[in-house]
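S.K.: Okay, predicted coordinates and the sequence, questions at the end:
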Amino acid sequence: MTAPDAPHGIPVEEFAAAMQLLPGAVTIVTTRQGDRPIGFTATAVCSLSASPPQLLVCVNRSTRSYSALCATRTFAVNVLHSGDRDLADAFARSPMEDRFKNGSWGTLETGAPILTGAVVSFDCHVSGLWEQASHGILCGLILATRQSDNAPLLYARRSYTSLQGMPTVQ
């Protein structure tokens with residue numbers, strides 16, 4: 001007896017059209033490999049657990065950023081504020097050596113670059129790594145955070161938007 005074929009899922013075009021309707025916070029994920037800062041724009045970031053405090057980041061395995069994250073085992077997730085559209089574009093499209101020329105950068109616990117004006121920055125140690133299809137799923141144990149009262153930048157329907165008027169952090 002043979003097992004039935006595994007389902008293949010919906011067509012890529014249908015998936016892309018549906019996912020553009022799922023708004024996501026725009027983030028810059030960073031690490032530092034030696035003296036080189038590395039970072040990229042991402043929306044595939046989510047909470048995993050509160051105890052211990054962890055989040056997930058999905059990264060294309062074919063990128064230099066993914067290789068660096070696997071090597072360093074540390075990263076930061078910087079949630080961009082509504083005025084950071086140009087920075088989001090730069091980290092999505094510019095050469096790596098040009099990406100950190102804008103913005104004010106610091107560090108917390110791990111040495112991964114922290115954007116000082118971010119809505120929130122999560123400084124993480126990689127506590128788990130799984131490879132699935134084209135992406136790696138990194139589980140980050142959150143070691144430190146930095147927060148502000150800025151409204152977050154969102155991405156939906158292939159454009160940026162924000163939550164102006166969002167209540168401030170109490």
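M.R.: Done, it's in.
S.K.: just the helices in the protein please.
M.R.: In the chain, helices defined by DSSP state H lie at 12-19, 64-72, 85-93, 96-99, listed in chain order.
S.K.: Of all those, which one comes closest to residue 159?
M.R.: The closest approach between residue 159 and any of those, judged by C-beta to C-beta, belongs to helix 85-93 at 9.6 Å. (C-beta placed from N, C-alpha, C; glycine too.)
S.K.: Quick one: mean pLDDT for the closest one?
M.R.: Here helix 85-93 scores 97 as its mean pLDDT.
S.K.: Please apply the same query to stretch 26-40.
M.R.: With pLDDT averaged residue by residue, stretch 26-40 scores 97.
S.K.: picking up where we left off before, lowest mean pLDDT across the helices of the chain, which one is that?
M.R.: For the helices of the chain, the stretch scoring lowest in mean pLDDT is helix 12-19; its value is a mean of 91.
S.K.: With only the CA atoms kept, save that helix in PDB.
M.R.: Coordinates of each C-alpha in helix 12-19 appear next as PDB, following Å, rounded to 0.1, in the frame of the first residue of the first chain:
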ATOM      1  CA  VAL A  12       2.400  30.900  -5.300                       C
ATOM      2  CA  GLU A  13       0.500  33.800  -6.900                       C
ATOM      3  CA  GLU A  14      -2.600  33.100  -4.800                       C
ATOM      4  CA  PHE A  15      -0.500  32.900  -1.700                       C
ATOM      5  CA  ALA A  16       1.200  36.200  -2.400                       C
ATOM      6  CA  ALA A  17      -2.100  37.900  -3.100                       C
ATOM      7  CA  ALA A  18      -3.600  36.600   0.200                       C
ATOM      8  CA  MET A  19      -0.500  37.500   2.300                       C
END
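S.K.: Pull the distance from it to the chain's centre.
M.R.: Helix 12-19 has its C-alpha centroid displaced from the chain centroid by 20 Å (C-alpha atoms, centre = their mean, to the nearest Å).
S.K.: which residues touch the closest residue to residue 138 other than its chain neighbours?
M.R.: For residue 138, the nearest residue in space outside its immediate sequence neighbours is residue 57; the separation is 4.8 Å by C-beta to C-beta, 6 or more residues apart in numbering. For residue 57, the contacting residues are 29, 42, 44-45, 75, 77, 137-138, 140, by C-beta atoms under 8 Å, 6 or more residues apart in numbering.
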